[in-house]
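Participant: pasting the sequence and the predicted model now:
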Amino acid sequence: MVKSGGSKTSRHLGWAWASPGLIFLTLFAAIPVLSMLFMSVLTAGRFGGVTTPINFDNFSRATDPIFVKVIINSLLIASATAILSLLIGFPTALFISRLSRKWQVILIVAIILPYWTNFLVRTYAWLVLLNNEGIINKFLRNIGLIDKPIEMLYTPAAVIVGMTYLYLPLMILPIYAALEKVDKNLTEAAFDLGSSAWKSLRTISIPLAMPGILIGFIFVFVPSLGNFVVPELLGGGKTVMIGNLVRDQFLKARDWPFGATFALILALILVVLISIQSYVSKRVNVNA
Amino acid sequence: MSENLLEIRNLTKNFGSVTALNNISLDIKTNEMFALLGPSGCGKTTLLRIIAGFEYPDSGQVLMNQSDLLAIPTRTRPVNLMFQSYALFPHMDVFSNISYGLTNTSLSKEEISKQTFEIIEKIGLQEHVKKKPNQLSGGQQQRVALARAIARKPKILLLDEPLSALDKKIRQEMQVELKRIQHEFGITFIIVTHDQDEAISLANRIAVFNKGEIKQISSPQELYENPTNEFVANFIGDGNLLKAVSTGNGFQHPSLGEIVVSHNSGSGKQISILIRPENISLVKASDGAGEITDSVFAGSRKNITIKLRTNEIVRVYADKSASLEIGDRVNLSFKPQDVRVF
Ligand SMILES: Nc1ncnc2c1ncn2[C@@H]1O[C@H](COP(=O)(O)OP(=O)(O)OP(=O)(O)O)[C@@H](O)[C@H]1O
Ligand SMILES: [Mg+2]
């Protein structure tokens, strides 16, 4: 074991090293979260903003079945998005990691490039694809598979598909990076010892790539949970998520404290998730 | 020990423009400890990987008991490989690592557990069953890798530089261990190494490789005493290789004079001669053929370096009590039967 704790001076030095990180965290994590916390216990001003007195009503208001349903609904949609992304993203990442260096680079760039284009544009593309007069319905009608268009747009499924499309690179990249790191000799050893391809995947590659899989899951889950644009465009306002609540409370109802309450709930869910992720990947890293 | 277990016929493997193996042929006998010895990059690992099933040759055959080994898929070949880097599964404990190969058979859980513990005992890992690879020393990891590779009782165990990551003392212990285990399990070992001492002390027979070609296959003693070419003479043991010109019944060396040795190089040809350091004796003479430039005490002997008039360097092992000093001029004498001509 390395000496833990250490002398006073080395502990001070340790803080010095960490200070840029601490400043960053204070500015971009602690202050926003604390101000939300603060805001959530204040009273709404008449035209927005916040005033005294301090009260805790918002938290009991948030437990109203209507809102609880929205929160649960959001969790379900974000989970479904993350799971669908995983189902598409893992095989894709696995496939890329098995290619030659040159093709790996080409495909990774091909995956990242669209991610840089405006996400509204990419979401609108799905409007064109999914609507009743859209390409998919037209195609199905033309080949005679259906005679009435399938309602695809403005359903939770459309929201899930749209967000999966949006965030898939965030799933593929960390999984690819994790699979790349798994020593090729380990999978060869598994084959040498009689494993099928499936068994070596199940017992070697997946467990060792688990930290990357979890990161990918969180990277997709987090922005999906807070998203309010896709539910509005592809869900047609029928599919309400936490993000929509936050936005509506701030911009429409002008009830900042209540909006902050939902934002706080969102942050809380993320903290729980990230704790699980860091616990699991620490365990894997200890073993590796 | 006489019938061939493995026959390798005219094997060639290229990686792009690199020829890793060039028309290799060799036979391996049942229960043999066979070493592939050669400098880095000469194709040793490539040969092992072809036998294990991770590479496919461009041409040539590999037969096991007269039937085509290359037609058998990697996962069912009766061959296991111990990786140069061990390739232990980092997320599994010692028991799971060793039993991994058995879980890919139709054996019952109880039977797998029983067989795994037998091996753990034979290889002396009882105290480490529950540990993860990163909690083991290098020597213990090496044992786990060995145990994992023999758990499926392969006909041939391939070992790629099994001892190169260990320090010298453990390496010598493990050499003894490897021999014991090979004997106890009755498995044919093909062991790759670039350490000639390791090959010599471990193997029944050695194939010396260079640049994808086999330079000689024979017993360690034969390699040392009767190298058939200059590469082997240079590679195995300490030796002095000198340039000379052949005569009808021997050779002529500018410093050593004319020596009578039987050879079949004809007359008037440039040849190389090999004389081992222990086969040369030195006699002080003011007009000697060479001058002592270095003398190092090496425990049981003195290692003497001599510079000949031709500027060639000759190494000689002398008695530790010999009164030979740096700067002394000496004559060299040796028996003609100790000289090898190439
Ligand atoms: N997959 C590969 N692609 C391209 N070239 C390769 C590949 N594998 C081996 N080679 C080349 O083939 C030659 C033989 O390699 P090999 O690994 O068999 O050598 P080696 O004798 O095991 O060396 P070492 O003692 O360093 O392990 C080398 O020149 C190597 O660069
Ligand atoms: Mg090698």
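Facilitator: Okay, I see it. Ligands and ions are numbered 1, 2, ... in the order given.
Participant: any idea which helix or strand comes after the lowest-mean-pLDDT helix or strand in chain B?
Facilitator: Lowest by mean pLDDT, DSSP states H and E among the helices and strands of chain B is strand B:257-260, with a mean of 83. Scanning forward in sequence from strand B:257-260 by DSSP states H and E, the next helix or strand is strand B:270-275.
Participant: can you give me the offset of that following strand from its chain's centre?
Facilitator: 24 Å (Cα atoms, centre = their mean, to the nearest Å).
Participant: need the contact partners of it.
Facilitator: Here strand B:270-275 makes contact (Cβ atoms under 8 Å, 6 or more residues apart in numbering or on different chains) with B:227, B:230, B:233, B:239-246, B:251, B:253, B:261, B:263, B:265, B:314, B:334, B:338-342. Bear in mind the C-beta positions are built from the backbone N, C-alpha and C, glycine included.
Participant: swap in stretch A:52-60?
Facilitator: A:40, A:41, A:42, A:43, A:257, A:258, A:260, A:261.
Participant: my guess is residue A:36 is in a helix, correct?
Facilitator: Yes - the assignment for residue A:36 (DSSP: H, G, I helix; E, B strand; the rest coil) places it in a helix.
Participant: dump the residue contacts of it.
Facilitator: Counting by Cβ under 8 Å, 6+ apart, residue A:36 has contacts A:260, A:263, A:264, A:267.
Participant: may I see those residues organised as CSV, with pLDDT, neighbour count and secondary structure added?
Facilitator: Putting those into CSV (pLDDT from 0 to 100; neighbours: other Cβ atoms under 10 Å in any protein chain shown; DSSP: H, G, I helix; E, B strand; the rest coil) gives the following:
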residue, pLDDT, neighbour count, secondary structure
A:260, 90, 23, helix
A:263, 90, 24, helix
A:264, 90, 20, helix
A:267, 88, 15, helix
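Participant: any chance of CSV for the residues you listed, columns distance to residue B:140?
Facilitator: Formatted as CSV, the contacts of residue A:36 follow (distance: Cβ to Cβ, whole Å):
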residue, distance to residue B:140
A:260, 57
A:263, 53
A:264, 51
A:267, 47
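Participant: now, which of these sits nearest chain B?
Facilitator: Chain B has its nearest neighbour among the contacts of residue A:36 in residue A:267, at 32.4 Å by Cβ to the nearest Cβ.
Participant: does that closest one touch residue A:34 like I think?
Facilitator: No - checked against Cβ atoms under 8 Å, the pair residue A:267 and residue A:34 is beyond contact range at 10.7 Å.
Participant: which residues are common contacts for these two?
Facilitator: By Cβ under 8 Å, 6+ apart, no residue touches both residue A:267 and residue A:34.
Participant: name the residues of the strand or helix carrying residue B:244 that come out as buried.
Facilitator: Residue B:244 is located in strand B:240-247, with elements delineated by DSSP H and E. For strand B:240-247, the neighbour count (16 or more other Cβ atoms under 10 Å in any protein chain shown) marks B:240, B:242, B:244, B:246, B:247 as buried.
Participant: how far does stretch B:249-258 sit from the chain's center?
Facilitator: Relative to the chain's own centre, stretch B:249-258 is displaced by 33 Å; criterion: Cα atoms, centre = their mean.
Participant: can you check stretch B:74-81 too?
Facilitator: With Cα atoms, centre = their mean, you get 23 Å for stretch B:74-81.
Participant: so it, near chain A or not?
Facilitator: Yes - judged by Cβ under 8 Å from any Cβ of the partner chain, stretch B:74-81 and chain A are in contact via B:74, B:75, B:76, B:80, B:81.
Participant: now do the buried residues in that stretch.
Facilitator: Neighbour counts over stretch B:74-81 (16+ other Cβ under 10 Å) mark B:75, B:77, B:79, B:80, B:81 as buried.
Participant: equivalent analysis for stretch B:260-269, please.
Facilitator: Applying a neighbour-count criterion of 16+ other Cβ under 10 Å, one finds B:261, B:263, B:265 buried in stretch B:260-269.
Participant: ok, the buried residues of strand B:240-247 vs ligand 1, which is closest?
Facilitator: Comparing the buried residues of strand B:240-247 against ligand 1 with Cβ to the nearest ligand atom places residue B:240 closest, at 26.2 Å.
Participant: from residue B:338, how far off is the closest one?
Facilitator: 11 Å (Cβ to Cβ, to the nearest Å).
Participant: joint contacts of the two?
Facilitator: B:275, B:276.
Participant: which residues in the stretch 201-342 of chain B form strands?
Facilitator: B:205-210, B:213-218, B:240-247, B:250-253, B:257-260, B:270-275, B:281-284, B:290-297, B:301-308, B:313-319, B:329-333, B:340-341 (DSSP state E, counting those that start in this stretch).
Participant: quick one: the helices in the chain?
Facilitator: Picking chain A for this. Listed in chain order, the helices of chain A (DSSP state H) span A:8-25, A:31-40, A:57-62, A:65-97, A:101-116, A:119-130, A:135-142, A:156-181, A:184-192, A:197-200, A:206-226, A:229-233, A:242-247, A:256-287.
Participant: if you could check chain B rather than the one you did, that'd help
Facilitator: Ranges of helices in chain B, per DSSP H, are B:44-52, B:94-103, B:109-123, B:138-150, B:168-185, B:196-202, B:220-225, B:230-235.
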